[in-house]
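Asks: coordinates only, sequence not included:
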């Protein structure tokens, strides 16, 4: 159950698929070069492999425990967390002005993928801390920032997001937790929150909860929600810790996977909290943390899928069974086993490229000196975020399932470890907004609200990649006919689908949202791999030939699937509405 | 966590999708009419719902246990098994001459689906008993049959299949368990077998193991394997039980799912056994039981998928969240939730139809009076069996995953039950021959060995269904343009793919096998639903309109996917071989 991070692959993609150099060219990153990136990636790989991976299986088997109102993390996690903080991994992408290293988010995409792959349950804690830090930085008052942010950037204090309530999941407008002013600038929070990831634990010295709640005079629905900061331990003005706040974990969920990530039910009983941002504007603040978390859940999907992939690869190289057709005596010589491995690798590579492209867009939106570039990058980041989240998690689940399959009967036996990846990955399609919510976000907020401008810009990007193919063939002699055909058809498909979705009635657009998201993702993923092949070949990168071969597999097996969604998109919701709900159980 | 069996749907499919009447027209079934079938289906539904379903979750949580060399089934299972035997369910499809009810296998397809859906872990035991009985009936000497078969037909004694060894899974040719003649007509079996489903338990009075082993002078490889019968308790000539045989369970696997199905490691220490069939011809005998088991694993896949579907449907009707677009205030009014439910229902319906078509082919191969019909039916059964197994299990896994998704965060919490179905279903793609093995079986033994004759006959069947569309439109006024287009394109696709696979080099055929199996399955499944729509409309069946609407969804969403496999089939193994194995871990 070892893990070996694909460091070269990640660096290759950053360089050739998603233009990390455009981020490095901004003044904020004048000190960041590829040597530093390489050092960071290798350091993260060592940490992931040596510190986090060995705790993954034991964490699954032992899990976190709740006793007397306190959660204790799985054995070894506290020590690993301390080491994570001391090694400085928490703040590598946080801005330098708040004590971070200020590296591009795209680099954190790679390092976090390694941490999640090594130990997804562990990685959830830093992920939430980073998202909470980002929300504080964007919306909290200078006083709150001064008191809390430094130690969240280092990870000494962790963050938690308290959104969901039993009656209020995807629709946060129905939440009931109350916040009453105490008269001293603070508020008293009362209510119950569920599914609070790492809501309590002893790994960090303090836990900073960002809690959605309603003020007494708040309007109904999602426009009456405010965001509050509630620390587990109060913080004195000198930064030292005071007494414990009036909220506690009262239950831990018994989950399918990520057993070492404590999923808490939190009871707030007049807990003291401070408002973040404007009253009743909590949802906007929440989206600051949610958007970053969505990207990183996509990365998680890729990560756990890749962990499953490497486990399957190791098994396929070791297991002897039958006469093979491809000149190995282990099962990796069976064409169908090789096909499964290539299928996992190609799908994960495409999803990884989308995640990294999302992160680069976020970096440019933040750091570019040119306002137009920042604006366009922001729109691209917004457009790609639901793809990164949903496609990353879908491909990850797909890969962990195939990983079990490569193991045969051994895959169904828990001790092998493949089953844990399968179980762990299943949550990624659900939390931080289900993949259905992502699809609605794509079609509603990201596509139709701006009349298709951001998606049309994305399609223009695809055309630029298509033009690169002929250039690469001319300059390098490479033969890329498969890529040309797949991308040309892909551009036709995504254009047709986009026009359909823009012209559709709302219910029809909602009915087609998931198909549209998948169609766009398959095509954009393939296009990014084609770009990675072309750029690599043009640059004479040693990895380029293999990327070209992997891309060929993608253009034959993954990209062609996109066309199969068009028939259904054209018909909208009618096939769903025609079938009587009463007959869903039986004819 | 209740279960409601879709009895009307099953009966509708038997009647309109798979021509059960052709089986009922044989003399062996002259007493079987639709009223009897309806009674049987409703009786099975009651048993599944009332006796088996309530034990499903507790069985998962408690599991079977091994202590002092004996396995104890999960609480309640012994009583349920006794009730199952007393109710006469075990023998409903066994021939009347050995004490069965002699009903068509296609009817057992439906009843077993209900039992598996209600409690898959329980259902595995009767499944193996039925398969073992079939092998005994086909290959064992009259003396062995006389001594053992009666009580296996009733289920008083259960059966187990002992094939796999640690080094010998998909490739049985490498197995090492030895059988040495005792000189009295019996043999002494020594060796270790793993993954023995219900290998030990106290539910049945005796357990009849069919064991693959090598005789002392056996040739190497798969041509040196013989099949033996080893009872847990010896049977005296009067049928009473004697002492315990020299084999024991020495371990239980800790599995991802089906926890209430004891998966045993069995140690044979000079256990006494009797030869079944000819020496060194064990693999042929084994395939008799394996083929039936493969069909029923496909049925299991559909079953557990359908259980997940009904759980998701119930949740979607109950859960309030957000403003819905389809005039319900529960989440079933959200188009994307309705889409998920329709997706599950359509995929499962198609896979169910394939399983039933396989069973009907088996019934005709056995019972038709016409030799040509028997021969053609046998070829069709052989062709469809790998599709039933692989597609049934793949669609089932797909559905249980979507079922988790419909539940949102609740789906990841074990107590909801959706996660159990997801875990349980995962084994169906693995045991009784992995789905990769099924694909190789389809392409090698079933397609290429007879030069494509059986598949071309299947394509002719598809053309007959295509012709039914115009006839149905003319006679009923129904508009079936979507079906016409989807099936016309489907016939083109399956024809092109079949010719490609017939002309391919062996390695290329093996590389394309899984894609080919999926392509054929999507098309044949859709065609059977189109047939079910047409026949139902022509007969004026009240369920026909809904079947037509479900079929429309299938032709828009599922059948079009088949085309996307052609690009890869054309390229064969080259894309797999080109990518260097050494670069699979990292670029």
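Replies: Structure's in. What do you need? Worth saying up front: this structure is predicted, and the values here are computed from it rather than measured.
Asks: Need the pLDDT of residue A:323.
Replies: pLDDT for residue A:323: 86.
Asks: Give me the neighbour count for it.
Replies: 10 (other C-beta atoms under 10 Å in any protein chain shown). Glycine gets a C-beta too; all of them are placed from N, C-alpha and C.
Asks: The one 4 residues further on too?
Replies: Residue A:327 sits with 8 neighbouring residues when counted by other C-beta under 10 Å.
Asks: Tell me if it really is in a strand.
Replies: No: counting by DSSP: H, G, I helix; E, B strand; the rest coil, one finds residue A:327 to be coil, located in no strand.
Asks: Okay, and residue A:207 sits in which element?
Replies: Element membership of residue A:207 [criterion: DSSP states H and E] is strand A:206-213.
Asks: touching chain B at all, that strand?
Replies: No: remark: strand A:206-213 sits outside contact range of chain B, by C-beta under 8 Å from any C-beta of the partner chain, the gap being at least 15.5 Å.
Asks: what's the angle between the next helix or strand after that strand and strand A:206-213?
Replies: Under the assignment DSSP H and E, the closest C-terminal helix or strand after strand A:206-213 is strand A:226-231. Interaxial angle, strand A:226-231 versus strand A:206-213 (axes from the mean of the first three to the mean of the last three C-alpha atoms, to 10 degrees): 160 degrees.
Asks: in its sheet, what does strand A:226-231 sit against?
Replies: strand A:206-213 (antiparallel), strand A:263-276 (antiparallel) (DSSP bridges).
Asks: can these go into a markdown table with extra columns for mean neighbour count and mean pLDDT?
Replies: Listed next are the strands paired with strand A:226-231 as a markdown table, based on neighbours: other C-beta atoms under 10 Å in any protein chain shown; pLDDT from 0 to 100:
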| stretch | mean neighbour count | mean pLDDT |
| --- | --- | --- |
| strand A:206-213 | 26 | 98 |
| strand A:263-276 | 22 | 98 |
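Asks: Which one of those lies nearest to residue B:468?
Replies: When the strands paired with strand A:226-231 are ranked by distance to residue B:468, counting by C-beta to C-beta, first place goes to strand A:263-276 at 52.8 Å.
Asks: Tell me the gap between that closest one and the middle of its chain.
Replies: 26 Å (C-alpha atoms, centre = their mean, to the nearest Å).
Asks: which parts of the following helix or strand past it are buried?
Replies: Toward the C-terminus, strand A:263-276 is succeeded by helix A:282-318 as the next helix or strand (DSSP H and E). Neighbour-count burial for helix A:282-318, counted by 16 or more other C-beta atoms under 10 Å in any protein chain shown, picks out A:282-283, A:285-286, A:288-317.
Asks: among those residues, which are within reach of chain B?
Replies: Subset of those in contact with chain B: A:310, A:313, counting by C-beta under 8 Å from any C-beta.
Asks: circling back: using JSON lines, lay out the strands paired with strand A:226-231 together with distance to residue A:164.
Replies: Shown next, in JSON lines, are the strands paired with strand A:226-231 (distance: least, C-beta to C-beta, whole Å):
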{"stretch": "strand A:206-213", "distance to residue A:164": "9"}
{"stretch": "strand A:263-276", "distance to residue A:164": "10"}
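Asks: closest to residue A:413 out of the ones you listed?
Replies: If you check each of the strands paired with strand A:226-231 against residue A:413 by C-beta to C-beta, strand A:263-276 wins as the nearest, at 25.6 Å.
Asks: the inter-axis angle of the closest one versus helix A:282-318?
Replies: Inter-element angle recorded for strand A:263-276 and helix A:282-318: 140 degrees (by the same axes, to 10 degrees).
Asks: so residue A:175 touches residue A:213, yeah?
Replies: Yes: taking contacts as C-beta atoms under 8 Å, residue A:175 lies within contact range of residue A:213: 7.5 Å.
Asks: what do those two both touch?
Replies: Counting by C-beta atoms under 8 Å, 6 or more residues apart in numbering or on different chains, the shared contacts of residue A:175 and residue A:213 are A:191, A:225.
Asks: distance of residue A:302 from chain B?
Replies: 15 Å (C-beta to the nearest C-beta, to the nearest Å).
Asks: nope, residue A:368 is what I was after
Replies: With C-beta to the nearest C-beta as the criterion, residue A:368 and chain B are 29 Å apart.
Asks: Repeat that for residue A:75.
Replies: Going from residue A:75 to chain B by C-beta to the nearest C-beta gives 19 Å.
Asks: all helices of the stretch 351-500 of chain A, in order?
Replies: In the stretch 351-500 of chain A, the segments counted as helices under DSSP state H, counting those that start in this stretch are A:371-406, A:418-425, A:435-441, A:453-476, A:481-503.
Asks: Out of those helices, which is the most enclosed?
Replies: For the helices of the stretch 351-500 of chain A, average neighbour numbers computed from mean count of other C-beta atoms under 10 Å in any protein chain shown are highest in helix A:418-425, which has a mean of 29.
Asks: What sits closest to residue A:3 if chain neighbours are left out?
Replies: Nearest residue to residue A:3 in three dimensions, chain neighbours excluded: residue A:53, at 4.2 Å (C-beta to C-beta, 6 or more residues apart in numbering or on different chains).
Asks: That neighbour reaches residue A:1, doesn't it?
Replies: Yes: with contact defined as C-beta under 8 Å, residue A:53 and residue A:1 form a contacting pair (7.4 Å).
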